[in-house]
Every structure is written in structure tokens, then in C-alpha cells.
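> this one's sequence-less:
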């Protein structure tokens, strides 16, 4: 038995012994499912809190981070095993969210020791919640066009401007911002800096944005003479675009992966809805066209999971293939197809917004369907992903931007 | 009863009395179906020849052309009625082909009297067959890039270069060529001239091009010091692009229309194949998925015919809508869908190239399926059509070319 | 086309004027943003009574109602001209319930007394008449009728529940289907004020107003029957065909507006220093929507014309129009959101209401696959 | 994935080397243009015997054949590595007939004697063994067997006709399905040299070689049975699953080559003064093909792996692979032609052969909709 196999056995035993019964089977165990924490968190589920504490104790909330920063000091391969074993029984990770998935890794790669020591333990323990501040109203697909101004004033930067799509900013403690520190740089990709800001700093206001689903995690965040200490600058001033690209690449692949719930779950979900709404308790789904569409969905779901596995395997073998770039496109389209089909089988029972005559599951499903329309837009639209693949993977010549 | 209605009654009576029985129901009566004529024509069907002669006698091979040029001197509305009545009983027009559909109208609009007198009667009588000489190997979608050189030498132009996709050049008598008369013009759309050349002129050689279907009407036509009298220049030297665009516009809409056979015929054709190959003599097509696809095809076919009718009606009412530009795209895609579905219902019986084990209908159908792949490329590809609609109809800003 | 000469698919001068007037009136008085306003204010009516009256005054509600009942006596085609425009701004006014379901049921099956009693009020914008046909267990099949009409001494006693009855909360009369024999059902005209009727308002994504109509031993006489006893099925099918065509006209209008808004947006929205409408990938996708719109317009007009002039062609053309308009609207709405980008998925922007309506209309009066199946049957395969 | 840990979808070092060697060998010795050459010369063999022998010498034909029969005793996964490469150039050599149909039938159902007699010859490239299962009235359903095997004194007497038997014109042995009871049929191993066998060569669009095999009272003994009497159906299904996976590997290779050729072409072909590959509409469509290729690669590898390691998963993964590879290949081939423009539809250019092969493979061993139906059944709906 290899060391990794031995480790897997150990992890499996620990997870089976410690994961609260009530949490099993409740989660796809992705990086964004479960306890997000932070100072504004009002979570009261004792099982979830106990699971969090057990994870913190083991250092398994951030298995591959150094122990000095609250991590587990393990390898990435070991981390994969921990996450896979949690996924197997469907428990969430002990702590989830963007701090662990995105900003911790950024600080580990680009931050300095002081920043790591200041921020990482709070993230690993789920005490400090983070959100992103990238997009602006005129800097969406064209992110490098961002204009949030950061002017140096002594030991501080003074920030003025606006961010949008700052998910959960209303529930977060800190924000990681892309700012414009040199408005006169010859190219718009130059003169950008990455800064960390405490959301309690005076001058920051947050406004929630509702989506067509009726609610959303998104916010707009406004900066009015917000003073940020210079020691919260990550990396080199005016050279933040490299870090931004790394963050975005990470976001892309994590969105694709976060869609990958349990293999077969999309097919099971839509099948259950078909049985409920078409009145067919078992056997063949009576409508052969819907049945065919469901099989298409199920096949595509399986192909997507197999492709994620293949990418993961080839990355583990040291030769990451270019296919990683497709997971965002394929994953989000799969998600939309799932909800479209789930809505189709529900017929008019899927048309409820709220209230009498519709059951709660259907009402929630309809909102989720609406929410899914954003998935091909957020985190780099499908169009932007296709441009990237076209250029970087297929090597097609650039036309106009 | 309006004059036109009276005319329709008269036409209907004449057609019913004179159209040979053997030809009825054989044709979609489009401008490219039937007797194409020309000096190399070896047609022997007495009914077809009799129908041709009757048409010539009435002036109904080219109903709207002036009588002096062999036409009928009628209005366009009357011409429509004549073609519609022939279509109703499925007889071909008495004479068909590109001379009538394209080059005659060009000469009527852009030619001079001498050119009309020289060429139109031969076209109207089906004695002289014409082909086009537009595209070149490096001037396909980008037609204005054409390079066939025409240099003035006394009373003649000397042509050197190559044309491609010169359909039926091997069976034609004359060719209508786009030539480059000024290679130094500041824009490539300038310096182009339209010329008419007798294909018997020394220096012209024609080579047939087979398509993936195994045969085709297409040729390559090579020009090696071919001398064309200057009186065969149509319009003004170096200003031929305007004429070229008119010809292309005409080609586009006639391709779209030529696909419009009898309404419902695509659905009937594929249904007949389904009955033959799926072993279902009547009733519902047993495979519900194929049945659904067939209904989609049938619906789309009907929508296409109704749209052609609507365009025709609004053109007749003096307000042609912008929808005309879509008929090429929709028509050719419909054609491809038809053959794809017809191939699908045939299963492995559609895989024959020739010889034993496949019946003649299936073999021909398979070749037609292969041929249909060219329809979205020839006569201005679907991509080019979309560019045109995007710019001219939707008014979207031009990106790069 | 079954005949060799296509029906006229053009609007005459009067219809063009009607279309233009309706377009401007609706654009100015009834923007799609009203859907949000009615929703957020939890408006009890859910649409504008005033606007409905004004449209009555303009003659639009009685366009197709015969002159003897105070209508204009024009055709269904004319009604579709207005419906298309009403669709552009997703108007929540009771077009579908009253003009498409109620009025058509009365025109096709109503007794003289019923027509005299109700059609003038409809034309005047005073009376709403709707049809309840959906039940919780029917899975979209209106021929599965659980509501029962038991024979009583002087008529029938109705019990059961209808779901998502459009404008059931305000309708002056509700026509319901109720089983009257083993194999057949019958349409009955009810006054919701009658004893035993309970109305519960529902809230849908698309902004149309609907209600649950519960009947407990509601007594009616034979005079309440619309059409013939036990023959509610065929009559309802005729009503649905017309309703499907009228709804398709609304869907066409909605698709066109969503498309127009999108084209305008991509001409203006800049990224990478240029309008995003200059990107060829978006352009070609826009053209795909455009071609579908052109085809859909043709089939909707043909189906509307057939209702007035070629009744035999109505079933197949109604199915064609509904199937095609449903797919086109969904396609146009999806592309509209995607091309609007982030702003397109916010509740603040109106474009999101188009996909909600698209989903609702897709599922109403038969989804595309059901109409394709019917088309196949009508064509003998 | 039925388990929580995905099977390995990577090639090991030996397999990578095999893939590379096969790729180069085939690219250098077996270009797709050979399809045209064989067709136009009306070559009697229709493929290259020499090349087949060379591939035998390289060990490729016996990759999966156990060592006791002179093979290398590796897995089906290894065979798929070579099949993928053979697909790139649409090789007309008898991979499908002999390695996928004949060999798998023998491995899965052959008697020891049959295996000993035939597998070494297959591995050596000397013997072709094919399976005839299609009949003119079967409409693609291999379980409809009209060919009859009548019990005779010392065995069976076979009569009937099989169509499109791949490489039937040169096969040393042909396995046919013949009805042996009311409900069941049996696979029989025939020597085409036997009296009563008539072979008529057929010509297909895709360049694969096929023949009509007509049997008139052909006598065989019980030793000719492959598998069990009356159990030809289940055995043939197992063979088809493997054949479908192997064919999917070829389709994957063919799709990848068509795509690679297309990308190369649009990088070079200029119109409007720029490479057409700089047009965003083409770029985004190219990306669509690319994503389908990536998904297809995953499912083909997973299905191939399952044949070696997880037999229970083979039916669903074989259906997944065949359905997806069929659609991907057709999509890739259609886009390849469209993006090649005029030259793409000429017989002179090789790209047209890809769509012909795509159509043929789409229809072989079940078309996608049939596999989706089976997938649904396997998943209990």
C-alpha cells in the first residue's frame, strides 16, 4: 500500500468517525458549500459548528497550508484525498468560501509574511470572511478597464470608485480589490494594484443587488475616500494584473468544479421531478422526448465528471492538459440545461413565484433556474472563455479584441 | 374580376391545355429546373422540346422581357402569375437556366442595345447557354479580391487568369466574367469590369470539378491570352463592382427560392423514406424521436414557404422588407436538415456509393445529401450572409473585416 | 401551405395604422417595468383597470366581437395585430383570459343569451371572462377533468378545483370544465359570487395574474352550459387553437422587443474600447435570432389569417405557430440576457422579465413537442 | 461514474509510446487520400495487405489477444490506443471487422478449438474474421434474424443473406447469426469457401469494404457454433458493446484529425486580407468542437478502461461513448467542411471523406438515440 493509499484509509476512517450524521449526504462538498463563517455569521446548527471545530483542530480546513498559518501542512495530493473522502459521504468541508478557495492561495503565492500571518489564520478558522472586488460597471468582460482609483497619501492609499458583483460583501469582513494606482500607464493592464481592505473602514458602503431570481449574493460596493494602509498592498504596486489573472484563472476553474456535484445528481434530480410531475412513479418516463433529453443530460453530466477526473489525473501526473479551460463553459451550460429540463418536466407547476398553489420545492427550483442564467455570465462569460481558448489553446490569430 | 385575375384565368387555361402530360408533377418550376438548352444540349424528350417551343411562341420563356428581344412584353406581376400557374401543376418553365435568371436581367439593366440585341433572343429561345465566371481560388467569400487580368489591346481585352465554380462551363456557350481591368486601383472594389466571352474563344480551357457527391456541375475555367472584343464590356470599365453586387444579390435570392420546391415536399420525401426504411406502411412513424424530427422539418419547411410568400407579397405591394436576405441561409439549412434526416431514417441503407445491395433511389439520395453540404457555401456562404444581415439589416457596427 | 396560393400575410392600411397606434400607446403607457411595480407593491388587481378601459375606448377589446354585441366585427387577424403589440411590453392586462379564452369560448359555443349578456361588457372593458381548465393532477392535459358536475334536480352541482385560472381573482364570469359523463365533460359558465366558490390568488413569475378556483357544491342550471352537454372537449380544443395563435402573436411581439432592446444594447455597450455589437460571434448569433423572428412572423400571421378565412387549416397552423413562437421567444429571451451580460440577470433591468414570460408561454396551451406531435398526426404520420 | 473514484483515464508510458508510434506510422504510410485511390482504381482488396502485415509485425493486431494465441495479452484499452490513431486517417484496413467483431466474438464466445485455429492468424495479420449480422429487412435491429439454421442429421443447414458484411469479400471466416428456434438465434462460424456461399462485394461511401454474403443450404456441424445454441443474442450484444467502444476510439481519432486539419486551414486561408481563423464567429464555433472533443476523449477512455476492469459498467459506458462520439464526429466533420469552404466540398480534398465516414459510423452499432434509450433503461427510467 502506497503512502497515499494509507493516508486515504486513515482519512476515510476519521471522516466516518467524526462527520456528523446530520450533514452526510447534504453536500457536493465543493469549496463553496457549507460554513462560510466570518464575524457576521449567525450559524447555529451545532453539528455544523462541531464539524468546523473538528476541522480546525486537525488543520483540515486548509489542509495544504503551512501549519503556522492554521493549515495542515499536507501536500496537495493529500488535500485532494481529504476533500474526496468528504465528498464521498456528502459532508461539506468544515469551512468553505472564497477566503479558503481564492484569497488564501493568492497570499501564499504573492503576499508577504506579515500579510500571511495577519490574514491566513482567520481564514483557516472561518473567523474572517472575504469577498472579491474586481468588476466595475464598465469593467466586466474587459476587466483591465477597471477604474477604482487608489492614490498614495503618506502611509495610506485613498480609494475612490465602485465595484460591482462583490458577492456577499454585506456578510464579509474583508475585500480583495483590484485598484488603479497609475491612471497614466501606457497600457490599461499596467498600473493596476491588488489591495486588501477591511470592510469596516469608513467610506465603504455596500448595496445588495437582486437577481432575476429575486435574491442573490451580489452587491455593489462603493468607495468614498477610503483609506487603506500601504502594508495591505499585495505584490508590487502597478503590477497587480499578473495576480488578477491568477485569481481569475482560479475562479474560472473553481466555478466549473463547483458545478460538479455528486456524479449523476443532475440526472437523478430531473428524473425525480419527472416522476413527480408526469405522474410516473417508476419505469420508463412516459414522454419519449423528455426521456431522450434526460438521457442526453445524464450522459453529458457523466462526460463532464469524467473530464474533470481526467484533468485532475493529468494535473496530478505533472502534465496538466489544456482541457482545464473548458470546464467553466461546459459546467455552466450543463447547469443551465439541467434547470431548463427540470422546468420543462414541471410544466405550469414550475411557473410559481411564491405563495399558494405551488409547493416549496418547485418554487425554489424555479428560482434556481432563474439564478442559473447568470452562470454563463459571471466569473468570465462563456464568450470570454471561448476567446481565451481560441487564442491560448487553439492558437487562432487574434482579430479585433 | 381584376385584370390580373382575368390574366391568371387565361394563363391557367393555357397551361392546362398545353403543358405536356408527361411533365406535370415533375418539377418545382424554379428558374433552374427544366430545359437549359444551348448548342451542346442533347435533349431528346419530345414533350420537353414541344413545351419549349410553345413557350417561345408565346414569349413566355421570358415573360417580362421586351418582345423585340424574344420576351413576352408583360409585367412582372404577370410573369409571377405565369410561373405560379406552372408551379401549380408542377411543370418546368419552358426554358430555364442562368441566362434567363441572371444574365438577361443584367443586360437589360446594365447592357447596351447592341448587347441586348445580340444576346437576349438566344437566351430567350434556349439556344445559347450561359455560365458565370466570378469566383477565383483566392476570391471566394472575398470576391472583390478577384485577379483575372483583362488588359486593353486595341479593340480587344486580353484575359489571363483563372475562374472557379464556373457551373456548367463545359455545357455552356458564353461566360459572364468579372475581370480586373485596373490592378492599381486604390480599393480592390474598384478596377473591376464585367465582360462577356464566347467559350469557343481560343485560349479558354475548362476542367470539371467533382464534388464529394462524385459529380457536380462545377468547373474551373482557365484563360490564356483570351481576346475579347471591347464591345462585350458591360457597363463602364472599372466600375463593374456595382453590377457584380447586383448579380450576387440576385443569385442569393434565387438560390433561396430554388430550394423552395412544392410546399410540403421535403416532409413527404422524408416521410416516404421513413415508411420504406422503418417498415411502417402507414400510421404513426414508429420511432417517436424521428417522428418529432420529421415534424420539426415539416414545420420549418412550411414556415420557410410562408416567409417566401410574405416577402413576395410585400415586394409586390411596393415595400420589400429586409427579410429577403435570410432566404439563402434558411433555405440552405432546411435543405441540409432534410437530407440529414432522410439519411438518418435510411440507416445503413444510406451508406451505398454504388452497385449491389443498395437501390437506385437510395444511392441517388446519398449523393444528393453529400451535394447539399455545398449549399451553405456556394453563392455566398452562410457566414457571409450573416455578415451582410448583421451590417445592412441590423445595423451592427463593423468589427474587423 | 395546403393550397397553392398562400393567404395574404400582409397588414392592410387600417391594420398598419392599428399596429402603429397600439405600438405607440403601449410603449408610452404600459412599459414592461410595470411587472415589477405590480409585483413589489403586491397590487391587488395586478394590472391597470384604467388602461384596460382606455383600450376598450379605443375599440381594441371588441375588435373581433360582432357589431350586434357592440364590437367592431373585424377579424381575429385584427385582434392579433393588437396582441402582438401588447406582447412587446409583456402587458399583464387580461388579454389571454378574457379576449382569448373567455371571448372565444362564448363566440364558438355560447348561447345567444350568454353572448348578449357578456360580450358587450367585454368589449366595453367592464367584464372579464376567463376559462379554468387546469387541475393539479392533470399534468398539462386539459382532457383529464376531475372537477365533477353531478346532475341535480334543476341542473348540476359542481365540485372541484381549478388551478392557475388566469385573472380568476377578478373575473366576472368563469367558465370551467367539469365531468358530466364517463367519457365527456362540459363547459359551465359560473358567477364567482355564487355560494360555494372560493378564489385564492396565485403569484407567478411572469406577472400574469392567476387564481385557484375551488368549487364546493356550486349549483347551476342547464343555462350555464357553454356549447353542448358532454362536448366540452372539442369546443375547448377550438378555443385553445385560437388562444394559442393569439398567444403566439403576443410571443412574437415580446420576442421582437427583447431582440430590439438587445441590438440597441450591444450597439452601445462598450468593452475593449469598442461596442460589443462589433464582435462577430455576437453578430452571427443575433442574425440567428433575426431569422427565427422572420419565420415566426410568417407562421403567426398565416395562422391568424386562417382563423378568419380557412378554418380547416387552423389546427395545423395553430400548432405550427405555437411551436415556433415558443422556441423563438425562449431563444430570443436567453440570448437577450446573455448579451446584456451582468446587468441582464439583475432584477433592476426589465430584460429578465422576458425569459420569465417566455417560460410561462412555452408551457401554456401545449408545449412545442406536443404541437409537433399533433402536426405529425394531422399529416398522417 | 458509478463509483466515487474515477478509473484512470491516462495512458501509461508504454501506451503513450504506442500512441506516438502508431500516429507517426499511420501518418506516414496511410494517409486518408488512400480512400480515393482504392475507390478510383476499383482495387479488389480495398485496403493494403502489406500495411496490415506490417502492423501485425508491430504487434498491434494481437495487442489484446492472449499470449497463448500468439498475442501480447494486453488490454482492450491498449487496442483503443491504436484504433484512435487508425481513425485519424480513416484507414480502410479491417480493424472493425477483424479486431472488433471477429476477435471479440471469439474471445467472448469461441471454443478453445476455434480460438486456437483463428486467433494466431489474426494476430499475424494473415486471417480476417468478420461477423455478418445485418439483413435487408432488419432495419438496423440485429435481433431480427431471417437467416435460418435448420437442424440436419449432423448439424445445421444455413440459408439466408447478410448485408454489408465488413470485409466479407476477403474474410477467411465469417460468423453469422441464424435463427435456431422461435425465440433465439445462434452464431455460426463459416468458411466462405464452403459450397453454397456466394460473396458479392459492395461499395460504400466511407471506403470500408463490405459484401453481401448469401448462403444457400450451407452445411455446418455443431462445432461451428460460437457461444451457446440459441444464445447468439446476448453474446452479440457483448461483442457490439466492445465494437462500439473500439469504433468510438476510431471516431475520436477521426474527429481530432478533421479538427486539426481545419484549425490549420483557417490559420492559413486568407480572405479580406486576414486569416479566416481570426474571425470570432469561426473561433467560437471551433471552440465548440474542441470542447466536444475533450468530453468525447474522456468517455471513450473510460469505456475502454471499463472493458478491461469494470465489466458491469461496460453497457452504460459503451452507450455513452458511442452516442457522444457519433455526434462529435458528425459535428466536427460538418464544421470541417463548412470552414474549408468551396475546396472542402470537392472530391479532390480529403476532408470530405470525414463526413462520409462520420455518417457511416453514426449508423453502425446503434445510432445515438438508440444508445440514449438504452442509457435511460440502464438507469431505470
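Good, I have the coordinates. Being a predicted model, the structure only gives us computed values, none of them experimental.
> For the rest of this, base every contact and every neighbour count on C-alpha atoms.
Will do.
> Surely residue C:241 is within a helix?
Yes: under DSSP: H, G, I helix; E, B strand; the rest coil, residue C:241 sits within a helix.
> That one reaches residue C:312, doesn't it?
No: under the criterion of Cα atoms under 8 Å, residue C:241 makes no contact with residue C:312, lying 11.8 Å away.
> Neighbour count for the two, which is higher?
Between residue C:241 and residue C:312, counted using other Cα atoms under 10 Å in any protein chain shown, the more crowded position is residue C:241 (25 against 11).
> Return the residues in contact with the more buried one.
Counting by Cα atoms under 8 Å, 6 or more residues apart in numbering or on different chains, residue C:241 makes contact with C:314-315, C:318-319.
> So how do I select the buried members of the residues you listed in ChimeraX?
ChimeraX command restricting the contacts of residue C:241 to the buried ones, with burial defined by 16 or more other Cα atoms under 10 Å in any protein chain shown:
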select /C:314,315,318,319
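> Is the one residue in the stretch 101-250 of chain C that gets nearest to chain B within a helix or a strand, and which one?
The minimum distance from the stretch 101-250 of chain C to chain B, using Cα to the nearest Cα, falls at residue C:248 (14.1 Å). For residue C:248, the enclosing helix or strand under DSSP states H and E is helix C:232-268.
> rewinding a little: for the residue of the stretch 101-250 of chain C closest to chain B, give its distance to residue C:142.
Counting by Cα to Cα, to the nearest Å, the separation of residue C:248 from residue C:142 is 19 Å.
> Domains in chain C, by residue range?
As given by automatic domain parsing, the domain ranges for chain C are C:13-128, C:131-230, C:233-378.
> circling back to that earlier point, mean confidence score for the helix holding residue C:248?
Throughout helix C:232-268, pLDDT has a mean value of 98.
> mind listing what residue C:319 touches?
With contact taken as Cα under 8 Å, 6+ apart, residue C:319 is in contact with C:241, C:244, C:371-372, C:374-375.
> Give me the distance from the helix or strand where it lies to the chain's centre.
Counting by DSSP H and E, the element that carries residue C:319 is helix C:314-340. Averaged C-alpha coordinates place helix C:314-340 at 14 Å from its chain's average position (Cα atoms, centre = their mean, to the nearest Å).
> which one of the contacts of residue C:319 sits closest to chain A?
Distances from chain A to the contacts of residue C:319, taken as Cα to the nearest Cα, are shortest for residue C:372 (11.2 Å).
> The closest one against residue B:296, yeah?
Yes: Residue C:372 lies in contact with residue B:296 (Cα under 8 Å); the separation is 6.7 Å.
> Among these two, which residue is more densely surrounded?
The residue with more neighbours, out of residue C:372 and residue B:296, is residue C:372; 27 against 24, by other Cα under 10 Å.
> got a list of what the residue in the stretch 101-250 of chain A positioned nearest to chain C touches?
Residue of the stretch 101-250 of chain A nearest chain C, by Cα to the nearest Cα: residue A:211 (4.0 Å). Shown in contact with residue A:211 (Cα under 8 Å, 6+ apart): A:371, C:345-348.
> Now do the phi/psi pair for it.
When read as degrees, to the nearest 10, the backbone of residue A:211 gives phi -90, psi 180.
> related to what we said a few turns ago, relative to the next helix or strand along the chain from the helix holding residue C:248, what are the paired strands and their orientations?
Later in the chain than helix C:232-268, the nearest helix or strand by DSSP H and E is strand C:270-271. Here strand C:270-271 has these sheet partners by DSSP bridges: strand C:274-275 (antiparallel).
> Brilliant, that's me finished.
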